[in-house]
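In: Fold the stuff below for me.
(one chain, ligands or ions: 2)
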Amino acid sequence: MRALCISTMFRSLPYMEMKRNLIRSSIRLLSTEQRIPKVCIVGAGPAGFYAAQQLLKSSSDVRVDILEKLPVPFGLVRFGVAPDHPEVKNVINTFHKTATNSRVQFLGNVNIGTDVTVDQLQQFYHAVLLTYGAQQDRLLDIPGEHLNNVISGRRFVGWYNGVPSDKDLDINLDVEEAVVLGQGNVAMDIARILLTPIDKLKNTDITSFALERLSRSRVQRVSMVGRRGPLQAAFTTAELRELIKLDSCKTLWRVQDFAGVREIVLTLARPRKRLTELMLKSLDESANDSTHAKEFHPIFLRGPIEFHGANELESIRFTVNHLRGDNIQNQVAEATDEIEVISCGLALRSIGYKSVQIDDTIPFDAKKGRVKNVSGKVDNNLYSAGWAATGPVGVILSTMTNAFQVGNLICKELTSLSENKTGSDGLRKILDCKGIQIVSYKDWEKIDRVEQERGQQMKKPREKIVDVAEMLKIAAN
Ligand code: FAD
Ligand code: NAP
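Out: Ligands and ions are numbered 1, 2, ... in the order given. I've put the predicted structure just below:
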């Protein structure tokens, strides 16, 4: 008996040693597992993808989940960038690389604030980054704004670009005169789409129903009206040049809008100088131009005060403004007693987008229309980047710079993690309970393929699917 016990003891010594080693290594494994940082990004637009790219670059073990309200990714690159600017959409190739990285998951069809709360995400992940953009538009708050054919520019863009909720936009193009209110690059896109010969749009990814309606459009004259002067115009040189050069369209400026401008153009800083020179050149040339069917009228120093009409829009009343202030760029528009009325049957309001508070717990500045943050930090493990954080200004490049900075900040603050987090496991449990169909990146690729196949038959790069139920059906097959 004793001999047996001793021999068992001898045999079990290495066994116990092995067991101890096993326990030690599983503790090591567990602590490594604990140290894996899990980050969740809300919104699959440029800010979301660029922040993810930066996180992957700065941390060798971070896991990133990108959550998106729609079943399809890329935000305004898909739904904002104009169909006749396909080269801008090449950034999607970079986003694709990020999305197919083994440390990244795309979870589409997940609406944060409705399907899951930000508070829950903060429990599941070490860091939560809000990059959900600016999904609403600013209102003028003037009488008549709800008349028929006073249209949100944001929704018009969504209509020709295939935003599911804008597919049934009630717009009447059976009118000759349209006014675009605001003079940013979105206003430029809108004016250009209305004035471009239909043949130039046919082979783009514009929705086929918008193409069909635009082909029957009677719009001949588009005025783009700004409350300030040519020196404060928000559009940029390349976009203006494109419009000026449009076939079958002449640009007509008002000479009086440029009073005093020629005298100071040489003193302006470079981008503004180039833009102003282009306007002056076009002003000089347009006097002799009488060959074109359609007209583009940029009009300055007019502030909209009322949309007029019985049911249908008939005209817009404007105050004639003058500028006050010393610094040219910051001069403000001040109304005089003079009024101008411009006849039109269609008005497109394009005075900027605004972000919304998608969840009550997000610190939000309602006045500025953006998530409250300091250089991307909101509070605790909550961050924000892109238009949700900065407000709706800037191009993809500036959004990228901002997202890289915030991605870096998150990495810096993720260095000492005290607890393990469930990541997408916790999130999936909640979504499963609610019966929400998660669309993976592979599922999106199925939708992408169908869109491209349909497009091929119509000689277009793609025919966008505009029905969420149809997207989900394709994703599930
Ligand atoms: P977004 O691109 O808006 O992405 C936000 C994402 O968050 C969206 O996918 C949205 O569906 C998602 N989301 C929203 N709410 C939720 C929620 N509750 N839960 C989950 N997800 C949510 N820049 C250029 O450089 N060139 C151009 O030609 C150009 N054209 C433009 C045209 C238009 C009409 C507009 C409006 C902008 C254009 N820009 C262009 C600017 C560019 O699109 C922006 O700089 C950029 O898209 C901002 O990126 P973002 O990720 O912050 O927002
Ligand atoms: P934006 O550039 O801010 O322009 C908004 C315009 O609306 C300005 O002319 C502004 O005039 C006017 N406005 C604001 N409030 C008004 C009011 N109450 N009454 C009358 N006019 C008012 O905005 P955006 O056009 O929506 O563009 C957003 C961003 O996307 C911009 O940075 C833009 O460059 C970018 N974008 C880029 C491209 C491109 O690169 N091709 C295309 C589209 C958009 P004030 O200046 O007087 O305020």
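
In: Who are the contact partners of the most centrally placed residue in the chain?
Out: Centre of the chain computed as the mean C-alpha position; nearest residue by C-alpha atoms, centre = their mean is residue 76, 3.4 Å away. Residues in contact with residue 76 (C-beta atoms under 8 Å, 6 or more residues apart in numbering) are 45, 46, 133. In this view, the C-beta of every residue, glycine as well, is placed from N, C-alpha and C.

In: if you set the cut-off to 10 Å instead, what comes out?
Out: Contacts of residue 76 were listed using C-beta atoms under 10 Å, 6 or more residues apart in numbering, and they are 45-47, 133-135, 157, 161, 163, 353, 386-387, 392, 396, 399.

In: Go through those residues and name the one with the lowest pLDDT.
Out: For the contacts of residue 76, the minimum pLDDT belongs to residue 135; the value there is 93.

In: My guess is that one contacts residue 386. True?
Out: No. Counting by C-beta atoms under 10 Å, residue 135 stays clear of residue 386, with 12.0 Å between them.

In: Run through who's touching stretch 243-251.
Out: 188-189, 191-192, 194-197, 199-200, 220-222, 224, 235, 240, 278-279, 281-283, 285-286, 289-298.

In: Also near ligand 1: which of these, exactly?
Out: Under the cut-off given by C-beta under 6 Å from any ligand atom, ligand 1 has residue 189 from these close to it.

In: For the closest residue to residue 325 other than its chain neighbours, which residues are in contact?
Out: Using C-beta to C-beta, 6 or more residues apart in numbering and skipping the chain neighbours, the partner closest in space to residue 325 is residue 331 (4.1 Å). Going by C-beta under 10 Å, 6+ apart, residue 331 touches 228, 229, 231, 232, 322, 323, 324, 325.

In: now the residues you listed as a markdown table including pLDDT and secondary structure?
Out: Below are those laid out as a markdown table (pLDDT from 0 to 100; DSSP: H, G, I helix; E, B strand; the rest coil):
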| residue | pLDDT | secondary structure |
| --- | --- | --- |
| 228 | 98 | coil |
| 229 | 98 | coil |
| 231 | 97 | helix |
| 232 | 97 | helix |
| 322 | 96 | strand |
| 323 | 97 | strand |
| 324 | 96 | strand |
| 325 | 95 | coil |
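
In: for the residues you listed, which one is nearest ligand 2?
Out: Here the nearest of the contacts of residue 331 to ligand 2, counting by C-beta to the nearest ligand atom, is residue 228; it sits at 4.3 Å.

In: Tell me, how many residues neighbour the closest one?
Out: Residue 228 has 20 neighbouring residues, counting by other C-beta atoms under 10 Å.

In: Show the buried residues in the contacts of residue 331.
Out: For these, a burial check counting by 16 or more other C-beta atoms under 10 Å picks out 228, 229, 231, 232, 323.

In: Residue 310: neighbouring residues, count only.
Out: 8.

In: For ligand 1, see how far away it is.
Out: Residue 310 sits 31 Å away from ligand 1 when distances are taken as C-beta to the nearest ligand atom, to the nearest Å.

In: Break this structure down into its domains, please.
Out: According to automatic domain parsing, the chain comprises the domains 38-135+354-439, 139-351.

In: Deepest in the core, which of those domains is it.
Out: Stretch with highest mean neighbour count among the domains of the chain: domain 38-135+354-439 (a mean of 20; mean count of other C-beta atoms under 10 Å).

In: just to revisit the earlier point, out of the contacts of residue 76, which one sits closest to residue 149?
Out: Using C-beta to C-beta, residue 157 comes nearest to residue 149 of those, at 16.4 Å.

In: I'd say the closest one and residue 171 touch.
Out: No. Using C-beta under 10 Å, residue 157 is not in contact with residue 171, being 11.8 Å away.

In: where do the contact lists of those two overlap?
Out: residue 348.

In: Residue 453 is nearest to which of the domains of the chain?
Out: Distance to residue 453, taken as C-beta to C-beta, is lowest for domain 139-351 among these, at 13.3 Å.

In: Residue of the chain closest to ligand 2, please.
Out: Counting by C-beta to the nearest ligand atom, the chain gets nearest to ligand 2 through residue 184 (2.1 Å).

In: which residue ranges form the strands in the stretch 301-450 of the chain?
Out: 302-308, 315-324, 332-343, 346-349, 353-354, 364-365, 370-371, 377-379, 382-384 (DSSP state E, counting those that start in this stretch).

In: Any chance of CSV for these, columns distance to residue 63?
Out: CSV is the format used below for the strands of the stretch 301-450 of the chain (distance: least, C-beta to C-beta, whole Å):
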stretch, distance to residue 63
strand 302-308, 49
strand 315-324, 52
strand 332-343, 48
strand 346-349, 42
strand 353-354, 31
strand 364-365, 28
strand 370-371, 23
strand 377-379, 21
strand 382-384, 16
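
In: for these, which one sits closest to ligand 1?
Out: Between the strands of the stretch 301-450 of the chain, strand 353-354 lies closest to ligand 1; by C-beta to the nearest ligand atom that is 6.0 Å.

In: low-scoring stretches of this protein, by residue?
Out: Applying pLDDT under 70 to the chain flags residues 1-34, 287-291.

In: and with 50 instead?
Out: 1-13, 27-30 (pLDDT under 50).

In: Which residues of it lie near ligand 2?
Out: Applying C-beta under 6 Å from any ligand atom, one finds that the chain approaches ligand 2 through 140, 182-187, 189, 226-228, 232, 234, 239, 350-353, 392-395.

In: if we can go back for a sec, quick one: which of the contacts of residue 76 is nearest to residue 211?
Out: For those, the nearest to residue 211 is residue 161 (11.8 Å; C-beta to C-beta).

In: Just the helices from the stretch 351-477 of the chain, written as ranges.
Out: 387-390, 396-413, 424-433, 441-457, 468-476 (DSSP state H, counting those that start in this stretch).

In: my bad, the stretch 1-150 of the chain
Out: Ranges of helices within the stretch 1-150 of the chain are 2-34, 46-58, 75-79, 91-99, 118-124, based on DSSP H, counting those that start in this stretch.

In: Can you give me every residue that contacts residue 466?
Out: The neighbours of residue 466, taking C-beta under 10 Å, 6+ apart as the test, are 158-159, 161-168, 207-209.

In: from these, which single one is nearest residue 267?
Out: Distance ranking of those against residue 267, using C-beta to C-beta, places residue 161 first at 39.7 Å.

In: Just give the nearest non-adjacent residue to that closest one, would you?
Out: Spatial nearest neighbour of residue 161, chain neighbours left out: residue 79 (5.0 Å); criterion: C-beta to C-beta, 6+ apart.

In: Going along the chain, name the helices of the stretch 151-300 of the chain.
Out: Per DSSP H, counting those that start in this stretch, the stretch 151-300 of the chain carries helices over the ranges 153-161, 185-195, 208-215, 237-244, 261-264, 270-286.

In: out of those helices, which comes closest to residue 95?
Out: Of all those, it is helix 153-161 that lies closest to residue 95, at 17.0 Å by C-beta to C-beta.
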